[in-house]
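[1] What follows is a predicted protein model with its sequence.
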Amino acid sequence: MIVRFGYVANALNLYDGSPSKTMTFARYQKLPKQERADQLERITRTNLENTIRALHYNIGHEIPLYRFSSSIVPLATHDEVDFNYINPFSNEYETIRQLVKKHGLRVSFHPNQFTLFTSDRAHVTENAVKDMEYHYRLLEAMGLHKQSYINIHIGGAYGDKTKTLARFHENLKQLPPMIKRQMTLENDDKTYTTTETLQVCEKENIPMMFDYHHYFANHTENEFLSELMPRIFNTWKDCDHPPKLHISSPKSEKELRSHADYVEIDFIKGFLKKLKKFGQDVDVMIEAKQKDRALLKLVEEIAAIRGVKRLSGGSVEI
């Protein structure tokens, strides 16, 4: 079983390398009209340049997975902001495309928690569609829209899961089909369990992004990974990539749902052993606060386990 690893957005080992520099709408409003556009262009270009820096860093360290920041373009979906975030940055998008394609990187997006299709308020769904369209347009500009995924959660339960899930299926019809084909759904740590999320994925033919930390924090006594994992893997059967998983570990016993700075090897060792029994190659996104530093530390620790062979800076064979 080959396991490849990645991290989220900001390579902390790079100096001043955040791809998520932003500007508030309040600050935007105070600027003269021309300066507004200039500032948005400057920040967006900086974020794209830092994304390119991170990709070079990943290539140098043989890290095959990377999640783009959702904040590359400040105020991109704000109703009162009109900014062309595609054409002026064609060179940066092309550079990203070439790096990803040449080095076989797997990249993705994960919109924020407010991008959901469970609300009974029409504007929430409209905003979710708008946000998904924003992420898709970025992938399209990069020429990666047919190979990269946009991952979201189902959302809240609103006091009645049955009615809410029915509304999710109905609201999801507003999402353009080409964007839906590039979305994944993830089980969460409070509301929708692995089984509930998996059932939605199977019904909608959407790949499921399994999060082990969320499963640990939110599962029933009748949920067994031995039964769930083959079904989860099956949701990826029509995809060109291996199934993708999320890994992190709890910050503390009291803060069970919060992500720790690093991933504790003892927390995930049993899960890795279970995965090995299925013989399925997987890609793993590390969601630790220390990002690339957590990844490099974890791969070192996993590679030290007897029977594990390190294949590169960011991948092992178990």
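    On my side now, so go ahead.
[2] in this protein, what spans have low per-residue confidence?
    Across the chain, no stretch falls below the confidence threshold (pLDDT under 70).
[3] how about the longest helix seen in the chain: buried residues?
    Using DSSP state H to define each element, the chain has its longest helix at helix 33-60. Within helix 33-60, the residues that count as buried by 16 or more other CB atoms under 10 Å are 36-37, 40-41, 43-44, 47-48, 50-51, 53-55, 57-59. Every C-beta, even on glycine, is put in place using the N, C-alpha and C of the backbone.
[4] Check stretch 120-129 too.
    For stretch 120-129, using 16+ other CB under 10 Å, the buried residues are 124, 125, 127, 128, 129.
[5] Show residues contacting it.
    Applying CB atoms under 8 Å, 6 or more residues apart in numbering, the contact partners of stretch 120-129 are 77, 114, 115, 116, 117, 119, 158, 167, 171, 174, 175, 176.
[6] Surely the fifth one touches residue 173?
    No. Between residue 117 and residue 173 there is no contact, the gap being 9.3 Å when judged by CB atoms under 8 Å.
[7] what's the angle from whichever strand or helix holds residue 99 to helix 33-60?
    Under DSSP states H and E, the secondary-structure element containing residue 99 is helix 90-103. Computed by axes from the mean of the first three to the mean of the last three CA atoms, to 10 degrees, the angle separating helix 90-103 from helix 33-60 equals 10 degrees.
[8] picking up where we left off before, how far is the next helix or strand after the longest helix of the chain from where the chain is centred?
    The element immediately downstream of helix 33-60 (helix or strand, assigned by DSSP H and E) is strand 65-67. Counting by CA atoms, centre = their mean, to the nearest Å, strand 65-67 is centred 8 Å from the centre of its parent chain.
[9] From the contacts of stretch 120-129, which land in helices?
    167, 171.
[10] Just name the closest of the contacts of stretch 120-129 to residue 136, please.
    When the contacts of stretch 120-129 are ranked by distance to residue 136 (CB to CB), residue 176 comes first, at 8.0 Å.
[11] what helix or strand does the closest residue to the closest one other than its chain neighbours sit in?
    With CB to CB, 6 or more residues apart in numbering as the criterion, residue 176 has its nearest non-adjacent residue at 7.4 Å, and that residue is residue 133. Mapping residue 133 onto the secondary structure by DSSP H and E places it in helix 122-141.
[12] same deal with residue 4?
    Using DSSP H and E, the secondary-structure element containing residue 4 is strand 2-8.
[13] what about the strand or helix carrying residue 245, distance to the chain center?
    For residue 245, the host element (DSSP H and E) is strand 244-247. Relative to the chain's own centre, strand 244-247 is displaced by 9 Å; criterion: CA atoms, centre = their mean.
[14] Out of the buried residues of helix 33-60, which comes closest to residue 251?
    Looking at the buried residues of helix 33-60 and their distance to residue 251, the nearest is residue 54, at 24.7 Å (CB to CB).
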